[in-house]
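Undergrad: fold the following.
(one chain, ligands or ions: 1)
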Amino acid sequence: MNTIEQCSYMTHGAVMPFCKGCGHSNILKKLNDALGLLQIDPHDVCLVTDIGCIGLADALFDKVHTVHTTHGRSTGFATGIAVADKVLASGKLKTIVLIGDGGSMIGLLHIVNAALMNVDVTVIVANNFLFGMTGGQTSSLTPEHFNTITSPFGSMNPSLDICSIADASKAGFIARKTATDKDLTETISNAIAFNGFSIVEVLELCTEHGTKRNDIKGNMLVKMAEEEGHTVGQIKNSDSRAEFSKKYHTDVHAHKGEIKALKYINPAYEHTLKFPKEIIISGSAGERVQSTAAMFAEAALMCGLEVTQKNDNPVTQGSGFSLSEVIISPGEINFTGVSSADFVVAVSENGLKEIKAQDIFNRINEKTIFIIDESLNIEKKGLNIITLPLRRLCGGDKAAIGAVDYILMHYDILDHNAFKLLLEKRFGTYDKIFKEEFYKL
Ligand code: SF4
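TA: From the prediction side, this is the model:
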């Protein structure tokens, strides 16, 4: 283990936690030096890491912001951090990702997207050709014939050229260096200074798994990369593309007049609710189940109530069941799921099947009222069931609306006029939305 004697961005006296000879120590020292070269305020630096030995860097850089993320996702998080800073905050933050070759493969699309967006993020890929922390397994950056624990006779596949991927993703700054290159500090500092997406792949060796299984030394890395057809050195340095936030500001400005104002709901109606009410509405996809719930929720907001709505439907979206759980309350609601429904609505066979599948009969109480279409049958005994000709009088596409309208007509929950107003806005005169018989129910 080595002690860092002089450090400006690192924890004073930080001890490198890596195995002896591991290339990671060099990369972190050079990163520290690169930041020193740029003289960036440590508060304007955010290091984003994930799983893998290189992710241990967080603890070594106590002067800067650090974010430790899930395996391979550091570039995705960094993209969000960089965009948030540039669009909403100081705009000075330099966001740097430290990722291994394994992580860079897991999160390859995050790297591609960050490059396509041209966010101000620098990705340093510490490439030692294998997953070090988890035991030395092959990654997609493992060169052909390189031995790992999962390729004991040599990897059968050529390695992926991540710099070429970055190039195809329109990255402006691309470099491939080795951990012992004398100008690595300069390269990293140029990458960080670059106003847009930059990537530096650093070739290095894992002394725990790489050198034990391969007859290889640090001075052979360039040759090995070139044999794989990979260019080594500064590959690209072009600022021809605007950094993301510049484009963002220009585009938002250009479309400013088209952005719709937020819709505020002013409570213009009354309610007498003392306790929360919970309602489950179920039916078939495409029959306005969730939009009925949304209208009910909006009516509750118009009465000054707190509201939550939780929707559920199969992945197919347009077929099968559709179900919504709505809670309305005079006070704060801390959980969106219905735990003891006051009303359960089922307007189609699909909806009733889902109520059974989700075991909603275990989320009711002795006062729960079931409003079901006349075509349905609930065999369970002891339930308060109201059977109505909803589909016949309202049509399949408005059966759920009819059920909610019936509840508001007969139970004192909130001002029925609020719901009626929303119905009229959408469907025209209230008296003509359903068949005449419905209004006499
Ligand atoms: S396992 Fe490999 S990558 Fe991890 S610290 Fe040791 S030498 Fe470095």
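Undergrad: now the strands for the stretch 201-350 of the chain?
TA: In the stretch 201-350 of the chain, the strands defined using DSSP state E, counting those that start in this stretch lie at 233-237, 277-284, 306-312, 321-329, 341-346.
Undergrad: how about those in CSV, adding mean pLDDT, distance to the ligand and mean neighbour count?
TA: Yep, even glycine has a C-beta here, placed from its N, CA and C like the rest. As requested, the strands of the stretch 201-350 of the chain are arranged in CSV below (pLDDT from 0 to 100; distance: least, Cβ to the nearest ligand atom, whole Å; neighbours: other Cβ atoms under 10 Å):
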stretch, mean pLDDT, distance to the ligand, mean neighbour count
strand 233-237, 98, 24, 15
strand 277-284, 97, 52, 26
strand 306-312, 96, 44, 17
strand 321-329, 96, 48, 24
strand 341-346, 97, 54, 26
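Undergrad: out of these, nearest to residue 202?
TA: strand 233-237 (12.4 Å; Cβ to Cβ).
Undergrad: what packs against that closest one?
TA: Under the contact definition 3 or more Cβ pairs under 8 Å, 6 or more residues apart in numbering; DSSP states H and E, strand 233-237 sits against helix 162-168, strand 173-178.
Undergrad: deepest of these, which one?
TA: Greatest average neighbour count among these goes to strand 173-178 (a mean of 25), per mean count of other Cβ atoms under 10 Å.
Undergrad: backbone dihedrals for residue 96, please?
TA: Backbone torsions for residue 96, taken as degrees, to the nearest 10, come to phi -120, psi 130.
Undergrad: that one: neighbour count?
TA: By other Cβ atoms under 10 Å, 28 other residues sit near residue 96.
Undergrad: ok and the residue in the stretch 301-441 of the chain nearest the ligand?
TA: Closest contact between the stretch 301-441 of the chain and the ligand, by Cβ to the nearest ligand atom, is at residue 315 (39.8 Å).
Undergrad: that residue: what's it in contact with?
TA: With contact set as Cβ atoms under 8 Å, 6 or more residues apart in numbering, residue 315 has no partners.
Undergrad: quick revisit: in CSV, list the helices and strands packed on strand 233-237 along with distance to residue 191 and mean pLDDT.
TA: Listed next are those as CSV, based on distance: least, Cβ to Cβ, whole Å; pLDDT from 0 to 100:
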stretch, distance to residue 191, mean pLDDT
helix 162-168, 11, 98
strand 173-178, 5, 98
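Undergrad: now distance to the ligand too, for the ones you listed, in TSV please.
TA: Shown next, in TSV, are the helices and strands packed on strand 233-237 (distance: least, Cβ to the nearest ligand atom, whole Å):
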stretch	distance to the ligand
helix 162-168	17
strand 173-178	15
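Undergrad: contacting residues around the lowest-mean-pLDDT helix or strand in the chain?
TA: Ranked by mean pLDDT, DSSP states H and E, the weakest helix or strand in the chain is helix 244-254, scoring a mean of 89. Applying Cβ under 8 Å, 6+ apart, the contact partners of helix 244-254 are 82, 83, 86, 87, 91, 117, 118, 119, 120, 196, 242, 259.
Undergrad: over to the fifth one. Which of the three states is it?
TA: Following DSSP: H, G, I helix; E, B strand; the rest coil, residue 91 is assigned to coil.
Undergrad: isn't residue 228 up against residue 144?
TA: Yes. With contacts counted by Cβ atoms under 8 Å, residue 228 reaches residue 144, the gap being 6.9 Å.
Undergrad: quick check: neighbours shared by those two?
TA: Common neighbours of residue 228 and residue 144, using Cβ under 8 Å, 6+ apart, are 158, 159.
Undergrad: go ahead and build a PyMOL selection from the buried members of the contacts of helix 244-254.
TA: Under the burial definition 16 or more other Cβ atoms under 10 Å, those of the contacts of helix 244-254 that qualify are selected in PyMOL by:
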select buried, resi 82+83+86+117+118+119+120+196
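Undergrad: which of the contacts of helix 244-254 scores worst on pLDDT?
TA: On pLDDT alone, residue 259 ranks lowest of the contacts of helix 244-254, at 72.
Undergrad: quick check: closest non-adjacent residue to that one.
TA: residue 252 (7.9 Å; Cβ to Cβ, 6 or more residues apart in numbering).
Undergrad: next one: the one you found from the ligand, what distance?
TA: 43 Å (Cβ to the nearest ligand atom, to the nearest Å).
Undergrad: what is the burial count for that residue?
TA: 11.
Undergrad: then the one 3 residues further on?
TA: Residue 255: 9 surrounding residues under other Cβ under 10 Å.
Undergrad: find me the pLDDT at it, would you?
TA: 83.
Undergrad: same deal with residue 2?
TA: On pLDDT, residue 2 comes in at 47.
Undergrad: where does this protein come near the ligand, residue by residue?
TA: For the chain, the residues in contact with the ligand (Cβ under 6 Å from any ligand atom) are 18, 19, 22, 24, 53, 128, 132, 133, 206, 207, 208, 209.
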